[in-house]
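J.: Let me see the structure of the following:
(one chain, ligands or ions: 1)
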Amino acid sequence: METTSHNHQLHIFFLPFMAPGHMTPTIDMANLFASRGVKTTIITTPYHANLLSKTLESTQPPSDNNSQQINVLTFKFPCLENGLPEGCESLHMATSHIMQFKFIKATTTLGPLIDQLLQQHQPDCLVADMFFSCATDVAARHRIPMLAFHGWCYFSLCASLCVNRYAPHKNVSSDSQSFLIPNLPGEIEFTRNQLPDFQKKDVDVLDKPIEAELTRIFRETIDVVEKSYGVLVNSFYELEPVYVDYYKKGLGIKAWHIGPLFLYNKLAKDKAHKGMAEHECLKFLNSKKPNSVVYVCFGSQSDFNDAQLMEIALGLEASGQEFIWVVKKVKQEGVKEEWLPEGFEKRMEGKGLIVRGWAPQVEILEHKAVGGFVTHCGWNSILEGACAGVPMVTWPVSSEQFYNERLVTQVLGIGVGVGAQKWALWVGDFVRREAIEKAVRRIVGEEAQEMRSKARALGEMATMAVEEGGSSFSDLDALIQELKQLKITRDSS
Ligand SMILES: O=c1ccn([C@@H]2O[C@H](COP(=O)(O)OP(=O)(O)O[C@H]3O[C@H](CO)[C@@H](O)[C@H](O)[C@H]3O)[C@@H](O)[C@H]2O)c(=O)[nH]1
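T.: So this is what the prediction gives:
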């Protein structure tokens, strides 16, 4: 592996947070920059490097142009030092809340390692996930710009910044009393219940040490925005023009929209997957009518207790709709699954499919038989759903997901809320089966036609945005030019 950058070629380091919702878009981003002649290096652990080499092998077009190559540098994640079992290199491998906390905490200790890698390889720019809040100081020491990547949309970035700046939640008398988010275009109402802990709670008064520490860490992830050179956003202008403009001009944050990142290299990915054995979901969908199946999936992290899973099953059954439901559980031979109603799978045979573990979400959403999507409102999921033209039932749990819900239901009009009211650090708010049944019926019924055509129009705009001359394509060009200029100035000083 080379250790010095070419004279004129821009060299960017990518530091992804090791969780599926963050890793995948960052890899797509590195691919995207590489396709524009930028030398890219991804910094990650051996586990991800291994997965990455397989992905890159299948998606990178064969080329004798060295500039299209993506380098991978590995480091040893400090598992044992942080009380994690050896090999726990991704947030999804942390199987308990305490382990997840330790994993996030361990990530914040990587400053010295980043420092050392920057010293050794001297890239021209560092793109770091928000969880590496230490990266701003390290990049500054090396006199290179640091670009922050939250994986959030503009709407949520704007909303969270407005809440931080104007603290509207301090002027209401109860957690359920609504307030308008000040200065945020679109008259967006919120409640204290729906705000993330890291925005509403005072760290000093939190009595549980783990929650206090996590709140502090999450707060730093938001503060990164104002300390970095700028922000990279996995979105496209036409999706949320008012909020793109407001973020850049109204709130004065330097930002570039370069998404939807998952669309990048999609053709290559499709080709790579062709010929692979079809997943059981796709076989199931092939036998169904257009827009008839509801896809239910809560991302890579969201957690529900058994009572809630049981309620989801009963709500789906009562809706009478066909469905695919992804549950993060492993089936153990001979062990009764307490979260499943008696005889459920038997009754649902041919009508509903439960996938335990992981499903090929993008392929499922794009299948013509899928008519609706029940989602926890992770930003990747929303982008994937919108681009596939699928109306959504929004069921936010954590992180920035309650903000995303407002974008989907109120601003874009492509989804309906299930009625989740409380932000939760770990286990999602309880929703009753009647609400689930009602929301599911709404996104496949008559009312959904308008949502579906709005979502389809967004999907078409998304494809245009990433094509040559499109809004995301052009914003990326502008960013690369700016970084090149910075490099020239730095090299000559
Ligand atoms: O069975 C599954 C489950 C998930 N996915 C994929 O995994 C990703 C999940 O990402 P996302 O929908 O964003 O959810 P999280 O994994 O929960 O993502 C975290 O990171 C996102 C980006 O910062 C935030 O928007 C979320 O709130 C936060 O929870 C998506 O690309 C899905 O297609 C699958 O392919 N199969």
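
J.: who's in contact with stretch 461-481?
T.: Stretch 461-481 is contacted from outside by 10, 32-33, 36, 38, 230, 232, 236-239, 256-260, 263-264, 383, 386-387, using CB atoms under 8 Å, 6 or more residues apart in numbering. (Glycine included, C-beta is placed from N, CA and C.)

J.: Now intersect those residues with the strands, please.
T.: Counting by DSSP state E, these place 230, 232, 256-257 in strands.

J.: So which of those is surrounded by the most neighbours?
T.: Greatest neighbour count in those, by other CB atoms under 10 Å, goes to residue 257: 27 neighbours.

J.: And that one, how close does it get to residue 337?
T.: Noted for residue 257: a distance of 43 Å to residue 337, by CB to CB, to the nearest Å.

J.: For residue 128, which residues count as its bridge partners?
T.: Beta-bridge pairing for residue 128 (DSSP bridges): residue 15, residue 148.

J.: Surely it and residue 148 touch.
T.: Yes - between residue 128 and residue 148 there is a contact under CB atoms under 8 Å: 6.5 Å.

J.: for the residue in the stretch 101-250 of the chain positioned nearest to the ligand, what are its contacts?
T.: When scored by CB to the nearest ligand atom, the stretch 101-250 of the chain has residue 151 as its residue closest to the ligand, at 2.7 Å. The neighbours of residue 151, taking CB under 8 Å, 6+ apart as the test, are 21-22, 25, 129-130, 234, 379-380.

J.: Now do the helices in the stretch 351-493 of the chain.
T.: For the stretch 351-493 of the chain, the helices defined by DSSP state H, counting those that start in this stretch occupy 361-366, 379-387, 401-406, 433-444, 448-466, 471-491.

J.: how about the CA coordinates for the second one, as PDB?
T.: Provided in PDB are the C-alpha atoms of helix 379-387 (Å, rounded to 0.1, in the frame of the first residue of the first chain):
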ATOM      1  CA  TRP A 379     -32.400   7.800   7.100                       C
ATOM      2  CA  ASN A 380     -31.100   5.100   4.900                       C
ATOM      3  CA  SER A 381     -34.400   3.200   5.100                       C
ATOM      4  CA  ILE A 382     -36.400   6.400   4.200                       C
ATOM      5  CA  LEU A 383     -34.200   7.200   1.300                       C
ATOM      6  CA  GLU A 384     -34.500   3.600   0.000                       C
ATOM      7  CA  GLY A 385     -38.300   3.600   0.500                       C
ATOM      8  CA  ALA A 386     -38.800   7.000  -1.100                       C
ATOM      9  CA  CYS A 387     -36.600   6.100  -4.100                       C
END
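
J.: now that helix against helix 448-466, angle please.
T.: Angle, helix 379-387 to helix 448-466, by axes from the mean of the first three to the mean of the last three CA atoms, to 10 degrees: 110 degrees.

J.: Quick one: mean pLDDT over helix 379-387.
T.: Across helix 379-387, the average pLDDT comes to 97.

J.: State the helix or strand in which whichever residue of the stretch 1-150 of the chain sits closest to the ligand lies.
T.: Nearest residue of the stretch 1-150 of the chain to the ligand: residue 21, at 2.5 Å (CB to the nearest ligand atom). Secondary structure from DSSP states H and E places residue 21 in helix 20-35.

J.: Which other helices and strands does the helix or strand that that helix is followed by contact?
T.: Counting by DSSP H and E, the element after helix 20-35 in chain order, helix or strand, is strand 39-44. If contacts are counted by 3 or more CB pairs under 8 Å, 6 or more residues apart in numbering; DSSP states H and E, strand 39-44 sits against strand 11-15, helix 20-35, helix 46-59, strand 70-74, helix 111-121.

J.: Around the ligand, pick out the residues from the stretch 151-300 of the chain.
T.: Proximity of the stretch 151-300 of the chain to the ligand, by CB under 6 Å from any ligand atom, involves residues 151-152, 297, 299-300.

J.: now with 5 Å?
T.: 151, 299-300 (CB under 5 Å from any ligand atom).

J.: where exactly do the strands run in the stretch 251-400 of the chain?
T.: Taking DSSP state E, counting those that start in this stretch, the strands of the stretch 251-400 of the chain run over residues 255-257, 293-297, 322-327, 352-356, 370-375, 392-394.

J.: quick one, phi psi at the residue nearest to residue 197 when sequence neighbours are not counted?
T.: Nearest residue to residue 197, sequence neighbours excluded (CB to CB, 6 or more residues apart in numbering): residue 215, at 5.4 Å. Residue 215 adopts backbone torsions of phi -60, psi -40, taken as degrees, to the nearest 10.

J.: In the stretch 1-150 of the chain, where is pLDDT below threshold?
T.: Applying pLDDT under 70 to the stretch 1-150 of the chain flags residues 1-7, 57-68.

J.: What parts of it come near the ligand?
T.: Counting by CB under 5 Å from any ligand atom, the stretch 1-150 of the chain sits next to the ligand at 20-21.

J.: the domain parsing of this structure - what is it?
T.: The chain resolves into domains spanning 4-156+209-264+466-492, 277-460 when parsed by automatic domain parsing.

J.: Now distance to residue 182 too, for these, in TSV please.
T.: Shown next, in TSV, are the domains of the chain (distance: least, CB to CB, whole Å):
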stretch	distance to residue 182
domain 4-156+209-264+466-492	12
domain 277-460	15
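
J.: re the thing from before, nearest to residue 349, of the ones in strands among the contacts of stretch 461-481?
T.: Checking those against residue 349 by CB to CB gives residue 257 as the nearest, at 44.5 Å.

J.: Could you list which residues are in contact with the closest one?
T.: Taking CB under 8 Å, 6+ apart, we find residue 257 in contact with 154, 233-237, 244, 471-472, 475.

J.: for residue 189, same thing?
T.: Applying CB under 8 Å, 6+ apart, we find residue 189 in contact with 178-181.

J.: mind redoing it with 10 Å?
T.: For residue 189, the contact set (CB atoms under 10 Å, 6 or more residues apart in numbering) comprises 178-181, 406, 410.

J.: Show me how to select, in PyMOL, the buried members of those.
T.: Applied in PyMOL, the following selects the buried portion of the contacts of residue 189 according to 16 or more other CB atoms under 10 Å:
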select buried, resi 179+181+406
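
J.: joint contacts of residue 128 and residue 148?
T.: When contacts are counted by CB under 10 Å, 6+ apart, residue 128 and residue 148 are jointly contacted by 135-136, 224, 228, 232.

J.: got JSON lines for the residues you listed, with distance to residue 290 too?
T.: Output for the shared contacts of residue 128 and residue 148, formatted as JSON lines (distance: CB to CB, whole Å):
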{"residue": "135", "distance to residue 290": "46"}
{"residue": "136", "distance to residue 290": "48"}
{"residue": "224", "distance to residue 290": "43"}
{"residue": "228", "distance to residue 290": "44"}
{"residue": "232", "distance to residue 290": "36"}
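
J.: which parts of the stretch 301-450 of the chain sit against the ligand?
T.: Contact residues, the stretch 301-450 of the chain versus the ligand (CB under 5 Å from any ligand atom): 301, 326, 358-359, 361, 378-381, 399, 401.

J.: Mind checking which of these are buried?
T.: Listed as buried from those are 301, 326, 359, 361, 378-381, 399, 401; burial here means 16+ other CB under 10 Å.

J.: Give the burial count for residue 306, as a bare number.
T.: Every residue meeting other CB under 10 Å relative to residue 306 is counted, giving 12.
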